[in-house]
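# with the sequence up front, the predicted model follows.
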Amino acid sequence: MTVDRRSLLAASFGLGAAAAAATSAHAADTAPAKAKPLRAAFRQIGNKIMGEVTPNAAEDQTAALQRLIDDAARQGRALVLPEGVFRISDLRLRSGTALIGTARRTVLMFSGGPACITADKADGIVLEGLVIDGAYKALDATRGEGLLSITRAQGIAIDNVEVRNSAMCGIALSQCSGRVTRTSVCDVLDAGIKSLDAQGLDISGNAVTRCAGNGILVWRSEPGEDGTLVAANRISQIRNAPGGSGEWGNGINVFRAGGVLVQANRISDCTYSAVRGNAASNLQIIANSCERLGEVALYAEFGFEGCVIANNAVDTAATGISVTNFNEGGRLAVIQGNLIRNLFRREKEPDGEKRGEGISVEADAAVTGNTIEGAPATGIQIGWGAYMRDVAATGNVIRRSRVGISITGDPEAGACLIANNLISQAPGGAIRKMTLGVVVGPDLARDPSTAGRIALNGNVAV
């Protein structure tokens, strides 16, 4: 074929037109979503699907959003929502739902009704980048205890989500496995995060604040193995709005759940405890930072067997650590390497509840290598009445406490070893017997002749 000037010009015009068309198509495809028709703006992209809902609309978006959730889950795709506010009510998540927001700029605003977001028997749920706002609207407790309620679901992943302004709990999980991570829960009228009968759950790296009931709950319907990991959370400003004597107002509360690990959390400003274990066997409370607690900072109580409380820092509480209720079967503990300081007494409380103790322990326990400073009652209190058995308190440093170590003087109590402790500036005595909190007899550090069943060795009182 002969190529002349006319042919070259024609070819050039054709290429230019094609390039212009391609450029125009690319520009249309990448134009901002708000400049396109709604159907075109929300489309399938790879393994994700976007659909027909309207950001910032005044009307409820539940029906349209529910269709998209169901369709995406059926196709095994993630549903991605743009930034903006979407008003919803009684949204139900299916197995395989992956609902992705835009960097916590996608707000699902509860518009009222029996429930906000629920799921049942829905395995593999993924929620990410969302804000769920309850607007403090009432919820029906028969549909779930939280703004986000998930039951009987395996392998869930709640990551980088904010849950706020709930009239009940923030997140309520029942019989679930999976994880809640990098999530914020704030301004709720009950617990921030509640887990009941977990089947392998990781609650870590979250921020829980301004809750009226409790921060994080790990509960079981009956005592049994649970194994939930509660780690590296920031928990603060937990109130006791319902009242009671410790059921509410705790940063972390473990009830009947065995084998729970509570580690490396930052907990402050709770009406009652930083960590409270009730009938929770094999509980480990490790390396937590706890400040400004209204009652016992770290508590293991009632019918438990086995507790390790180690390497925690407690600053400002009515009692640092309490491992009690031998009368209810509470026994077997290691309390080691904790730093406890700036304790106080609650003078308005009845006798027996004023506290001011660094560590209180009763049965089958080793209290070793702890440092306690500033206990207005006693640095270490061992036993209560007849309830004391096989306790060793060794290698502890106790400074500026009214009494260094007090041990129940009841003749029915068991044996106790007090050895190699350094007790400094204890105006009420370094080591003394007590009767229901009232010290009696001589200072055993200086006159061990009346020690009886209490073995004393190598203690230093200055």
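Great, that's in hand.
# span of stretch 362-377 from start to end?
Taking CA to CA, to the nearest Å, the span from the opening residue of stretch 362-377 to its closing residue is 17 Å.
# pLDDT weak spots in the chain?
Along the chain, the parts satisfying pLDDT under 70 run over 1-52, 352.
# thought residue 427 was touching residue 400?
No - look at residue 427 against residue 400 with CB atoms under 8 Å: they stay out of range, at 9.2 Å. All C-beta atoms are positioned from the backbone trio N, CA, C, and that covers glycine.
# ranges for the helices of this protein?
With DSSP state H, the ranges of helices along the chain come out as 5-30, 38-41, 62-75.
# what are the pairing partners of the strand ranked longest in the chain, and which direction each?
The longest strand of the chain (DSSP state E) is strand 216-225. Note on strand 216-225: by DSSP bridges, its sheet partners are strand 193-196 (parallel), strand 252-258 (parallel).
# got these as CSV, with mean neighbour count columns?
CSV is the format used below for the strands paired with strand 216-225 (neighbours: other CB atoms under 10 Å):
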stretch, mean neighbour count
strand 193-196, 25
strand 252-258, 25
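# quick one: closest of the ones you listed to residue 273.
Closest to residue 273 of the strands paired with strand 216-225, according to CB to CB: strand 252-258, at 7.7 Å.
# ok, residues contacting that closest one?
Identification of contacts with strand 252-258 by CB atoms under 8 Å, 6 or more residues apart in numbering yields 198, 214-228, 230, 233, 235, 260, 262, 265, 267, 273-283.
# just the buried ones from these?
The neighbour-count test (16 or more other CB atoms under 10 Å) marks 198, 214-220, 226-228, 230, 233, 235, 260, 262, 265, 267, 273-283 as buried among the contacts of strand 252-258.
# residue contacts, the nearest residue to residue 121 once chain neighbours are set aside?
Distance criterion CB to CB, 6 or more residues apart in numbering; nearest residue to residue 121, sequence neighbours excluded, is residue 152 at 4.9 Å. For residue 152, the contact set (CB under 8 Å, 6+ apart) comprises 120-121, 174-176.
# of these, which is the most crowded?
Using other CB atoms under 10 Å as the neighbour criterion, residue 176 leads the contacts of residue 152 with 27 neighbours.
# and that residue, how far is that from residue 84?
Distance, residue 176 to residue 84, using CB to CB, to the nearest Å: 29 Å.
# re earlier: for the contacts of residue 152, which one is nearest residue 348?
residue 174 (38.2 Å).
# tell me who's in contact with the closest one.
Contacts of residue 174 by CB under 8 Å, 6+ apart are 149-152, 195-197.
# ok, what's across the strand from it?
Applying DSSP bridges, one finds that residue 174 bridges with residue 151, residue 196.
# show me the beta-bridge partners of the residue nearest the centre of the chain.
The geometric centre of the chain, computed from its C-alpha atoms, lies nearest to residue 216 (CA atoms, centre = their mean), at 3.5 Å. Residues in a beta bridge with residue 216, per DSSP bridges, are residue 193, residue 252.
# just residue 276 next, same as before
Counting by DSSP bridges, the residues bridging with residue 276 are residue 253, residue 299.
# so how far is residue 331 from it?
As judged by CB to CB, residue 276 and residue 331 stand 18 Å apart.
# what of residue 447?
Look at residue 447 and residue 331: by CB to CB, they are 31 Å apart.
# state the distance from the spatially closest residue to residue 169 that is not a sequence neighbour to residue 221.
In this structure, residue 169 finds its nearest non-sequential neighbour in residue 146, 3.7 Å apart by CB to CB, 6+ apart. Computed with CB to CB, the distance linking residue 146 and residue 221 is 17 Å.
# quick one, which of residue 447 and residue 331 is more surrounded?
residue 331 (23 against 11).
# partners of the more buried one in the sheet?
residue 305.
# that one and residue 247, how far apart?
Residue 331 is 23 Å from residue 247, by CB to CB.
# which residues in the stretch 1-150 of the chain form strands?
44-45, 48-49, 78-80, 84-88, 91-93, 98-100, 106-110, 117-120, 126-128, 130-133, 146-151 (DSSP state E, counting those that start in this stretch).
# redo the ones you listed as a markdown table? Include distance to residue 302.
Compiled in a markdown table, the strands of the stretch 1-150 of the chain are given as follows (distance: least, CB to CB, whole Å):
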| stretch | distance to residue 302 |
| --- | --- |
| strand 44-45 | 54 |
| strand 48-49 | 49 |
| strand 78-80 | 45 |
| strand 84-88 | 41 |
| strand 91-93 | 36 |
| strand 98-100 | 40 |
| strand 106-110 | 37 |
| strand 117-120 | 32 |
| strand 126-128 | 35 |
| strand 130-133 | 35 |
| strand 146-151 | 26 |
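# which of those sits closest to residue 341?
strand 146-151 (36.4 Å).
# which residues does the closest residue to residue 410 other than its chain neighbours contact?
Take residue 410 and drop its neighbours on the chain: the residue closest to it by CB to CB, 6+ apart is residue 386, 4.7 Å away. Going by CB under 8 Å, 6+ apart, residue 386 touches 408, 410, 412-413.
# the residues you listed, buried ones only, as a PyMOL selection?
In PyMOL syntax, the buried subset of the contacts of residue 386 is picked out as below (16+ other CB under 10 Å):
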select buried, resi 408+410+413
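# just flag the most distant two among the contacts of residue 386.
The widest separation within these (CB to CB) is 9.3 Å, between 408 and 412.
# from residue 173, how far out is the nearest residue to residue 198 once chain neighbours are set aside?
Nearest non-adjacent residue to residue 198, counting by CB to CB, 6+ apart: residue 228, 4.9 Å away. Going from residue 228 to residue 173 by CB to CB gives 10 Å.
# please enumerate the shared neighbours of the two.
Residues touching both residue 228 and residue 173 (CB under 8 Å, 6+ apart) are 195, 198, 201.
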